[in-house]
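> fold the stuff below for me.
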Amino acid sequence: MLRNDKRDTQLYYTPASAPCRAVQMVAAALRLKLNLKPINLMAREHYHPGFLKINPHHSVPALVDNEFTLSESRAICIYLVEKYGRTDALYPKNPKTRGTINQLIYFDMGTLFKRMYDYYIIPMMTGTPQDEKNLELLNEAVGFLENFLTDKKYLVSYRLTIADYILFATVSTMEAFGYEFTVTYPNIINWLENMKEAPGYSQNAEGIELLKSYLKQ
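Sure, this is the predicted structure:
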């Protein structure tokens with residue numbers, strides 16, 4: 001059963017957003033019930049005064065845990081595990097393991113997600129053509145991910161961690177946009193299959209279907 005007590009942990013989110021889906025998956029893995037607050041970006045609800053009081057950066061996701069507020073999805077994932085995790089399994093305290101997880105999280109934020117965003121999302125939002133140089137950079141980042149996964153079931157050996165959820169949200173978004181992980185990337189393909197068994201997978205799948213529906217319009 002999901003944890004359910006007097007605590008009010010609210011998540012302002014957009015289901016199709018990769019960062020929002022990462023937080024939802026981590027919460028599901030923790031069996032943590034979130035009070036979901038949908039934000040319609042197309043209607044510019046993230047610029048409404050009420051939301052700006054929560055997150056002046058007008059981005060989703062944003063977490064309100066009683067009186068505490070937090071934006072930036074990766075920070076939210078870490079916070080939820082450290083506060084509500086019954087164990088440290090998703091974000092182990094071992095310095096070497098945690099260092100590897102942090103490396104992967106920053107790789108997502110500064111490289112993989114950014115390059116995916118530059119190649120797919122910015123052209124979609126601005127109506128400008130996709131830049132082949134950005135595709136080359138994205139392909140390079142995918143190659144880095146392939147190497148990370150050599151001889152591993154998950155990104156950190158056989159241990160499922162928040163790094164898997166964060167990068168899986170990005171990679172599944174790339175797939176929704178049409179990026180094909182062919183036989184060139186056997187490690188990524190195997191990892192994607194393993195993620196189907198991960199707690200919280202259904203939360204990601206629901207958001208991906210919404211994203212695909214939007215892309216067909």
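> which stretches of this structure have low pLDDT?
Low-confidence segments of the chain (pLDDT under 70): 1-6.
> residues touching Leu80, list them.
Going by Cβ atoms under 8 Å, 6 or more residues apart in numbering, Leu80 touches 23, 26-27, 30, 32, 63. (C-beta placed from N, C-alpha, C; glycine too.)
> filter those residues down to just the ones in helices.
23, 26-27 (DSSP state H).
> walking through this protein, point out its strands one by one.
9-13, 35-38, 62-65, 68-71 (DSSP state E).
> what about Phe51, how many neighbours?
19 (other Cβ atoms under 10 Å).
> my guess is it contacts Ala43. True?
No: with contacts counted by Cβ atoms under 8 Å, Phe51 stays clear of Ala43, the gap being 11.5 Å.
> still on that earlier bit, tabulate the contacts of Leu80 (JSON lines), appending distance to Met174 and neighbour count.
Listed next are the contacts of Leu80 as JSON lines, based on distance: Cβ to Cβ, whole Å; neighbours: other Cβ atoms under 10 Å:
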{"residue": "Val23", "distance to Met174": "19", "neighbour count": "30"}
{"residue": "Val26", "distance to Met174": "20", "neighbour count": "31"}
{"residue": "Ala27", "distance to Met174": "23", "neighbour count": "27"}
{"residue": "Leu30", "distance to Met174": "26", "neighbour count": "23"}
{"residue": "Leu32", "distance to Met174": "27", "neighbour count": "18"}
{"residue": "Leu63", "distance to Met174": "25", "neighbour count": "25"}
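> domains of the protein?
What automatic domain parsing lists as the domains of the chain is 9-84, 95-216.
> out of those, which one sits most buried?
When the domains of the chain are scored by mean count of other Cβ atoms under 10 Å, the highest mean neighbour count falls to domain 9-84 (a mean of 18).
> ends of that domain, what's the gap?
Domain 9-84 has an end-to-end distance of 11 Å (Cα to Cα, to the nearest Å).
> ok, stretch 85-93 next?
Stretch 85-93 has an end-to-end distance of 12 Å (Cα to Cα).
> next one: it to chain centre, how far?
Here the centre of mass of C-alpha atoms in stretch 85-93, compared against the chain's by Cα atoms, centre = their mean, to the nearest Å, lies 18 Å away.
> show me the contact partners of that stretch.
The contact list for stretch 85-93 (Cβ under 8 Å, 6+ apart) reads 26, 29-30, 78, 81-82, 98, 101, 159-162.
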